[in-house]
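Q: when you get a sec, could you give me coordinates for this:
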Amino acid sequence: STRGRSSAASDVYKRQVLQGGVQAISAGGTAVGTIISFGGREIISAAGTASATTIRGGTAEIADGGSVGSSIAFAGGGGTLQIDGTATPSATISGFVLGDVIDLADLAFSGGTAATLTSGDVLIVTEGATTRMVQLDPAHNYASQSFALSADAGSGTDVRALVPLFVSSAGFVPTSGPLRAGQSITITLHLNEHPVTVAGAPKLRLSNGAFAAYVAAASSPSSGTLVFKYTVSAGQDTSDLQIAGVVTSGASVKDTTGSHNSADFSYVPNSDLGLAIDTRAPSITDERVRISSGGTAVGLGGTVAIELQLSEAVVVSGTPTLKLSDGGTAVYVSGGSSNPASGSLEFDYTVGSGQNTADLTISSLSLPSGATITDSAGNPVNPTLPAAGKNLHLTIDSIRPSVTSATVAPSSGTSSAAAPPSSR
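A: Numbering: from 1, shown residues only. Below is the predicted model of the structure:
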């Protein structure tokens with residue numbers, strides 16, 4: 001370890017500066033591979049050089065005119081690199097993470113104007129009209145990193161690395177569909193840290209073109225929880241609803257360090273909700289007729305099977321019926337040719353007394369109390385029949401033939417019985 005020692009016109013190799021220790025490198029001195037532990041300090045004076053320095057919780061101070069060679073590294077967090085001069089070192093600074101500080105002692109703090117990361121991981125720090133540039137290690141990929149500025153112990157500016165604020169997990173209810181118009185989905189985003197502040201009304205953009213609105217009353221920014229609600233409207237159909245992005249125009253979500261650490265919403269876990277949205281009601285697309293006697297005429301006691309074809313699979317409950325133009329009723333049959341999973345429903349009609357027509361048609365689809373026909377999303381069937389499908393092209397004749405009159409011939413004259421044959 002090194003305590004209170006200086007180096008001038010000589011080399012110092014692989015020193016470790018421990019708590020309370022100070023290594024001072026004056027003009028002409030060189031230190032190589034120094035490790036500055038917590039509480040230790042290395043001071044590189046004008047014309048002094050420290051190469052391959054590692055800051056492991058301690059402080060490396062570069063006086064105006066001092067040099068740190070081609071690189072300087074933070075390791076383990078909690079370290080400080082203090083730059084006293086107006087010219088920042090050209091060395092690459094690696095390992096700069098949460099808990100580390102770059103103290104630009106000569107840059108007067110005036111309110112934390114900006115810290116901007118440019119291409120190549122050059123950090124540009126601006127206070128008032130003065131700017132300093134620090135080269136961070138491109139291999140670290142600081143693209144998602146945020147930085148905060150604050151006053152140092154004197155009049156300078158501290159630059160601190162912040163934990164990026166992002167969505168760590170997401171959940172939603174209901175977890176299964178499909179959903180129909182009027183139903184709602186609640187989506188909850190959990191951020192990786194808290195508390196956070198929410199200003200304005202952020203919203204989620206969904207893959208079907210709709211948006212989920214931020215619900216402040218249900219959210220808990222103090223615990224990093226944001227709740228959004230989407231209510232399905234007609235026409236917003238999709239087979240697989242997904243979160244397409246977060247829209248923050250005019251709104252913001254930040255951690256409590258302020259404007260330098262806005263939430264990164266570029267990635268949302270579980271963004272594929274796997275929910276289908278179906279707002280279209282099943283409709284009647286066709287009809288088919290079968291009669292027990294064949295032909296196109298049905299008499300008293302004859303049966304007619306009417307099969308309706310719907311536009312999609314349905315679920316049938318109760319006993320739907322068809323009202324017919326001759327006053328009769330066709331009743332839904334769960335067996336026979338009915339196959340709701342393929343949208344086929346059979347209704348059977350038995351011709352009763354007094355039910356007669358030269359051209360049988362379907363008057364309407366009726367849903368008595370307790371009867372429903374819906375798709376899997378719960379959309380009720382559209383009962384409108386296609387115009388061409390109403391006409392069944394059948395004659396219903398329930399009148400049995402009967403004798404209405406009798407004729408006797410001849411109608412006049414006399415007749416006599418023939419004489420019996422004579423017997424011999």
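
Q: look up the closest residue to residue 100, ignoring the ones flanking it.
A: Distance criterion C-beta to C-beta, 6 or more residues apart in numbering; nearest residue to residue 100, sequence neighbours excluded, is residue 74 at 4.8 Å. C-beta: built from backbone N, CA, C; applies to glycine.

Q: using the three-state scheme, assign the closest residue to residue 279 other than its chain neighbours.
A: Spatially, and ignoring its direct neighbours in sequence, residue 279 is nearest to residue 181 (4.3 Å; C-beta to C-beta, 6+ apart). Following DSSP: H, G, I helix; E, B strand; the rest coil, residue 181 is assigned to coil.

Q: wait, residue 181 sits on residue 210?
A: No - under the criterion of C-beta atoms under 8 Å, residue 181 is not in contact with residue 210, lying 11.3 Å apart.

Q: find the residues that touch each one of those two.
A: Counting by C-beta atoms under 8 Å, 6 or more residues apart in numbering, the contacts common to residue 181 and residue 210 are 232, 233, 236.

Q: quick check on those residues: which are buried?
A: Using 16 or more other C-beta atoms under 10 Å as the burial test, the shared contacts of residue 181 and residue 210 include 232, 236 as buried.

Q: residue 146: which of the shared contacts of residue 181 and residue 210 is nearest?
A: The nearest member of the shared contacts of residue 181 and residue 210 to residue 146, counting by C-beta to C-beta, is residue 236 at 35.4 Å.

Q: for residue 179, see how far away that closest one is.
A: 10 Å (C-beta to C-beta, to the nearest Å).

Q: overlap in contacts, those two.
A: Residues touching both residue 236 and residue 179 by C-beta under 8 Å, 6+ apart: residue 277.

Q: where exactly do the strands run in the stretch 151-300 of the chain?
A: Shown for the stretch 151-300 of the chain, the strands assigned by DSSP state E, counting those that start in this stretch span residues 157-162, 167-173, 184-191, 196-199, 203-206, 211-214, 225-231, 238-247, 252-255, 272-277, 284-291, 297-299.

Q: can I get those in JSON lines with mean pLDDT?
A: Below are those laid out as JSON lines (pLDDT from 0 to 100):
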{"stretch": "strand 157-162", "mean pLDDT": "87"}
{"stretch": "strand 167-173", "mean pLDDT": "95"}
{"stretch": "strand 184-191", "mean pLDDT": "97"}
{"stretch": "strand 196-199", "mean pLDDT": "92"}
{"stretch": "strand 203-206", "mean pLDDT": "96"}
{"stretch": "strand 211-214", "mean pLDDT": "97"}
{"stretch": "strand 225-231", "mean pLDDT": "98"}
{"stretch": "strand 238-247", "mean pLDDT": "95"}
{"stretch": "strand 252-255", "mean pLDDT": "88"}
{"stretch": "strand 272-277", "mean pLDDT": "95"}
{"stretch": "strand 284-291", "mean pLDDT": "91"}
{"stretch": "strand 297-299", "mean pLDDT": "93"}
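
Q: with mean neighbour count and distance to residue 349 added, can I get those strands in a markdown table?
A: As requested, those are arranged in a markdown table below (neighbours: other C-beta atoms under 10 Å; distance: least, C-beta to C-beta, whole Å):
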| stretch | mean neighbour count | distance to residue 349 |
| --- | --- | --- |
| strand 157-162 | 22 | 76 |
| strand 167-173 | 15 | 45 |
| strand 184-191 | 19 | 42 |
| strand 196-199 | 16 | 63 |
| strand 203-206 | 21 | 47 |
| strand 211-214 | 18 | 49 |
| strand 225-231 | 19 | 42 |
| strand 238-247 | 18 | 38 |
| strand 252-255 | 20 | 63 |
| strand 272-277 | 18 | 36 |
| strand 284-291 | 16 | 10 |
| strand 297-299 | 18 | 9 |
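
Q: could these go into a markdown table alongside distance to residue 397?
A: Putting the strands of the stretch 151-300 of the chain into a markdown table (distance: least, C-beta to C-beta, whole Å) gives the following:
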| stretch | distance to residue 397 |
| --- | --- |
| strand 157-162 | 88 |
| strand 167-173 | 59 |
| strand 184-191 | 55 |
| strand 196-199 | 75 |
| strand 203-206 | 59 |
| strand 211-214 | 61 |
| strand 225-231 | 55 |
| strand 238-247 | 50 |
| strand 252-255 | 76 |
| strand 272-277 | 49 |
| strand 284-291 | 12 |
| strand 297-299 | 6 |
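
Q: doesn't residue 124 make contact with residue 118?
A: Yes - Residue 118 is in contact with residue 124 according to C-beta under 8 Å; the separation is 6.1 Å.

Q: who has more neighbours, the two?
A: Neighbour count, other C-beta atoms under 10 Å: between residue 118 and residue 124, residue 124 has more, with 13 against 9.

Q: list the contacts of the more buried one.
A: 114, 115, 116, 117, 118, 131, 132, 133.

Q: just those residues: which are in strands?
A: With strands taken from DSSP state E, the overlap with the contacts of residue 124 comprises 114, 115, 116, 117, 118, 131, 132, 133.

Q: of the residues you listed, just the buried ones, ChimeraX syntax please.
A: A single ChimeraX command selects the buried members of the ones in strands among the contacts of residue 124 (16+ other C-beta under 10 Å):
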select :115,117,132
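
Q: give me the low-pLDDT residue ranges for the chain?
A: 1-14, 112-114, 144, 257-260, 389, 411-424 (pLDDT under 70).

Q: without its sequence neighbours, what residue ends up closest to the residue most central in space within it?
A: Most central in the chain under C-alpha atoms, centre = their mean is residue 243, positioned 2.5 Å from the mean C-alpha point. Once flanking residues are discounted, residue 243 sits nearest to residue 271: 4.1 Å by C-beta to C-beta, 6+ apart.

Q: do residue 265 as well
A: Nearest residue to residue 265, sequence neighbours excluded (C-beta to C-beta, 6+ apart): residue 246, at 3.6 Å.

Q: and that neighbour, how far is that from residue 252?
A: Residue 246 sits 11 Å away from residue 252 when distances are taken as C-beta to C-beta.

Q: shared neighbours of the two, anything?
A: Contact criterion C-beta under 8 Å, 6+ apart; residues bridging residue 246 and residue 252 by contacting each: residue 202.
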